[in-house]
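> Fold the following and give me the result.
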Amino acid sequence: MTRRVVVTGVGMVNPMGHDVETVWKGLKEGASGVGYTTIFDASNFPTKISAEVKNWDVTKCGEKIADWEKAGRHTRFAVGAAKQAVESSGVLDSIKDPTRFGVYLGCGEGDQDFHTFTNMVVAAISSGNGDWDKSAFITKGLATLDSQREMEQDPSMPCGHLASLFNAQGPNLNCLTACAASSQAIGEARELIKRGTCDVMLSGGAHSMIHPFGVTGFNLLTALSTRNDEPTKASRPFDRERDGFVLGEGASMVVLEELEHAKARGATIFGEIIGYGTTADAFRITDTHPEGRGGIACMKMAMEDAGIGPEQVNYVNAHGTSTTVNDKVETLCCKEAFGEEWAKKIPVSSTKSMMGHLIAAAGVTEAIVCMLAIRDNVLPPTINYENPDDNCDLDYVPNVAREAKVDIALNNSFGFGGQNITLALSRFKD
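Model prediction:
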């Protein structure tokens, strides 16, 4: 007997809001969470804009600031989203064996201590003769680096913190497959439940790369928009004038539960994960394969796993980064995976147009958006779609949300390195 996996809890902290319903309201209204970067001084960077989480701290989820002071920014977001998800699920009282409750996340690195690092570099070159003084570099580091803050940079730290917070003694894993990470975490957490290792998994992701190292890296890759004069219009997936993505941050979490376990406790079921596809382009680190072979394969894999055909898909939440290459190739992927006829009929939108790209946390956030679209029969729009592109000729739900019957949705997450994940999500039917 196949063990079905349902979603019984959800939580979010991101640039659009601090909870699921606030975020969803903003997405339906076509609002934007993009503005000028304030976390650090970005005035000398080619990109001066980002999508930041504003006016949030751990006290909003009942935690003490002192308890999380040295944790990474992304970890604090993870705590907020996870507490929402677990509390909304009501699952904790039903867990008799904590080894049957696990955590599988897709989280990025923690805070990068740029200020201390640069002071170490200055100490190493302060002699002025052009030599590198390794001893001075190390001495300055030992005197100024905080051991706990350094430990908190490890991408696995949010997993450990959440396991401790909820006494989840089962499998504890983190994957960091770039922009596909949290979708992969959901897919693999689902597999753990399906094969009987666990009954409940807390899954999702958290990330913040809005720091000098992160922005420098993406600027060097020419991946970020430089439309600094119009922050809210900078992220424009599938638009002919797109020039890169807008960096975002945040966390989203879901409680995944084996169906019979959820039914036995009378849980409210938010939706079902019915399919999971995972592939690699095996091509280049930063370039999608021009024929979209990995993306096509994972979309087909997810549909096959779900036992559905293209005619049953009502909506696709696209990876839709607003880069020239991704949007063109993802359009091609949809045509090849669905067939030309059906691809033109299936609405596709990118909510990155409003909240920016949350990197490792993007996939789970957009998976929740898919479930909200199913719940309310509303398709969130792709805002800033003003100039059609001959290479992007699908129905992108331009600029305004749309009422439509949605029973099944696909969520695409295509990451740097060539990792591709597609999740198939459906309305729960017993």
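> all helices of the stretch 151-300 of the chain, in order?
157-166, 181-194, 212-220, 259-264, 293-306 (DSSP state H, counting those that start in this stretch).
> Using neighbour counts, pick out the buried residues of the fourth one.
By that I understand helix 259-264. Leu259, His261, Ala262 (16 or more other C-beta atoms under 10 Å). Using the backbone N, CA and C atoms, a C-beta is placed for each residue, glycine as well.
> go on, the third one?
Judged by neighbour count (16+ other C-beta under 10 Å), helix 212-220 contains these buried residues: Pro212, Gly214, Val215, Phe218, Asn219.
> pretty sure the second one contacts Gly248?
Translated: Gly214. No - with contact defined as C-beta atoms under 8 Å, Gly214 does not reach Gly248; the gap is 11.2 Å.
> before we move on, the earlier item: return the most buried member of the helices of the stretch 151-300 of the chain.
helix 181-194 (a mean of 27; mean count of other C-beta atoms under 10 Å).
> How far away from the center of its chain is it?
14 Å (C-alpha atoms, centre = their mean, to the nearest Å).
> Now Leu27: closest residue in space that isn't a chain neighbour?
In space, and not counting its chain neighbours, Leu27 is closest to Pro380: 4.4 Å by C-beta to C-beta, 6 or more residues apart in numbering.
> Can you give me the neighbour number for that neighbour?
Pro380 has 28 neighbours, counted by other C-beta atoms under 10 Å.
> now the one 10 residues further on
Using other C-beta under 10 Å, Asp390 has 7 other residues around it.
> for the buried residues of helix 259-264, which one is nearest Gly30?
Lowest distance from Gly30 to the buried residues of helix 259-264 (C-beta to C-beta) belongs to Ala262, with 33.9 Å.
> I figured the closest one hits Thr8, correct?
Yes - taking C-beta under 8 Å as the definition, Ala262 is a contact partner of Thr8 at 5.3 Å.
> Quick check: neighbours shared by the two?
Ile269 (C-beta atoms under 8 Å, 6 or more residues apart in numbering).
> Can you pull the phi/psi pair for the spatially closest residue to Asn228 that is not a sequence neighbour?
Spatial nearest neighbour of Asn228, excluding adjacent residues (C-beta to C-beta, 6+ apart): Lys48 at 4.6 Å. The phi/psi pair for Lys48 (degrees, to the nearest 10) reads phi -110, psi 10.
> thinking Lys48 is in contact with Ala42, fair?
Yes - taking contacts as C-beta under 8 Å, Lys48 lies within contact range of Ala42: 4.8 Å.
> what sits in contact with each of these two?
Contact criterion C-beta under 8 Å, 6+ apart; residues shared by Lys48 and Ala42: Tyr36.
> Report the central residue of this protein.
Ala362 (1.7 Å; C-alpha atoms, centre = their mean).
> helix or strand for it, which one?
Here Ala362, judged by DSSP states H and E, is contained in helix 362-376.
> Direction-wise, compare that helix with helix 181-194 and give the angle.
70 degrees (axes from the mean of the first three to the mean of the last three C-alpha atoms, to 10 degrees).
> Pull out the buried residues from helix 362-376.
For helix 362-376, a neighbour-count test (16+ other C-beta under 10 Å) marks 362-374 as buried.
> would TSV of the helices of the stretch 151-300 of the chain with mean pLDDT and distance to Trp68 be doable?
Formatted as TSV, the helices of the stretch 151-300 of the chain follow (pLDDT from 0 to 100; distance: least, C-beta to C-beta, whole Å):
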stretch	mean pLDDT	distance to Trp68
helix 157-166	97	8
helix 181-194	98	21
helix 212-220	95	21
helix 259-264	97	30
helix 293-306	97	36
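> got JSON lines for the buried residues of helix 362-376, with pLDDT too?
As requested, the buried residues of helix 362-376 are exported to JSON lines (pLDDT from 0 to 100):
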{"residue": "Ala362", "pLDDT": "98"}
{"residue": "Gly363", "pLDDT": "98"}
{"residue": "Val364", "pLDDT": "98"}
{"residue": "Thr365", "pLDDT": "98"}
{"residue": "Glu366", "pLDDT": "98"}
{"residue": "Ala367", "pLDDT": "98"}
{"residue": "Ile368", "pLDDT": "98"}
{"residue": "Val369", "pLDDT": "98"}
{"residue": "Cys370", "pLDDT": "98"}
{"residue": "Met371", "pLDDT": "98"}
{"residue": "Leu372", "pLDDT": "98"}
{"residue": "Ala373", "pLDDT": "98"}
{"residue": "Ile374", "pLDDT": "98"}
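> Contact partners for the residue nearest to Lys233 when sequence neighbours are not counted?
Ranked by C-beta to C-beta, 6+ apart and with sequence neighbours excluded, the top spatial neighbour of Lys233 is Asn384, at 5.0 Å. Counting by C-beta under 8 Å, 6+ apart, Asn384 touches Thr232, Lys233, Ala234, Ser235, Arg236, Pro237, Asp239, Ser353, Asn399.
> at 10 Å what do you get?
Applying C-beta atoms under 10 Å, 6 or more residues apart in numbering, we find Asn384 in contact with 30, 32, 34, 227, 230, 232-239, 241-242, 322, 350, 353-354, 398-399.
> among these, which ones are buried?
For the contacts of Asn384, a burial check counting by 16+ other C-beta under 10 Å picks out 30, 32, 34, 227, 232-239, 242, 322, 350, 353-354, 398.
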